[in-house]
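Student: Generate a structure from the sequence data that follows.
(one chain, ligands or ions: 1)
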Amino acid sequence: MKRLGILLSGRGSNLAAIAESIAQGRLRAEIAVVIGNRASAPGLEIARSLNLRAVAMPSQGIDREEYDARLAGELQASHVDLVCLAGYMRLLSGGFIRAFPQRILNIHPSLLPAFPGLDAQRQAFDHGVKIAGCTVHFVDERLDAGPIVRQASIEVQGHDTRETLASRILDQEHRIYSEAIQFVLDGNFEMDGRRVVCKSL
Ligand code: GAR
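Tutor: Predicted coordinates:
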């Protein structure tokens, strides 16, 4: 069984959705460890309630290289095959990324390359886009910029608020993250430049 390491900073709804996909047999993997860089992250509580190994590893005030080396050590000790960022709100160092080549995924609440960075749903809403969505991508050393694995789009409705839009995007996140993880674990793809191309069957 392929082993996932989940990194988070906050709420943990994507972690819960991944765990649910596994429980329902839609995702053939197991969660080896959940690491939170904030001890108070509600996502760690969710991990504990699901009897997952939950590790609080506060990052505040710690040098990035040093912290990321500890993070990589914890993930390697847990023998993870794939690292999944699920609301992990901290940039990863080059050293960390090189330790897990093409084995780090992130979910971002916009149709990248539009609206990278913080508060992507608010950025999209305030910009007045008619189509919004979310993206699962490989992580490289740039912010929200690595090769795209999967996207989902939704139409912005006239009655949407920032909150309803964010909530509808989140529903799509919960659906496509597990699909993208399974796709990457299956390994039936090749890279063409930065394009992730499904291999023919
Ligand atoms: C999600 O909307 C995720 O896409 C976003 O943080 C939220 C975490 O929610 N991530 C980013 O913005 C990364 N740039 P969750 O803790 O409930 O999964």
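
Student: May I ask which helix or strand encompasses residue 179?
Tutor: In this structure, residue 179 sits in helix 162-186 according to DSSP states H and E.

Student: Which neighbouring elements make contact with that helix?
Tutor: Here helix 162-186 touches helix 13-23, strand 82-85, strand 104-108, helix 120-127, strand 131-138, strand 148-155, going by 3 or more CB pairs under 8 Å, 6 or more residues apart in numbering; DSSP states H and E. (Glycine included, C-beta is placed from N, CA and C.)

Student: Save those as CSV, and put in mean pLDDT, distance to residue 39 and mean neighbour count too.
Tutor: Shown next, in CSV, are these (pLDDT from 0 to 100; distance: least, CB to CB, whole Å; neighbours: other CB atoms under 10 Å):
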stretch, mean pLDDT, distance to residue 39, mean neighbour count
helix 13-23, 98, 16, 20
strand 82-85, 98, 18, 24
strand 104-108, 98, 22, 24
helix 120-127, 98, 26, 18
strand 131-138, 98, 27, 23
strand 148-155, 98, 31, 16
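
Student: Throw these into TSV and include distance to the ligand, thanks.
Tutor: Shown next, in TSV, are the helices and strands packed on helix 162-186 (distance: least, CB to the nearest ligand atom, whole Å):
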stretch	distance to the ligand
helix 13-23	3
strand 82-85	7
strand 104-108	5
helix 120-127	6
strand 131-138	6
strand 148-155	12
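
Student: show me what contacts the residue in the chain that the ligand sits nearest to?
Tutor: Closest contact between the chain and the ligand, by CB to the nearest ligand atom, is at residue 87 (2.6 Å). Counting by CB atoms under 8 Å, 6 or more residues apart in numbering, residue 87 makes contact with 8-14, 43, 107.

Student: same check, this time on residue 46
Tutor: Residue 46 makes contacts with 12, 15-16, 19, as judged by CB under 8 Å, 6+ apart.

Student: Share the number of residues neighbouring the nearest residue to it once chain neighbours are set aside, please.
Tutor: Leaving aside its sequence neighbours, residue 46 sits nearest to residue 12 (CB to CB, 6 or more residues apart in numbering; 4.3 Å). The number of residues packed near residue 12 is 26, by other CB atoms under 10 Å.

Student: can you check residue 170 too?
Tutor: 18.
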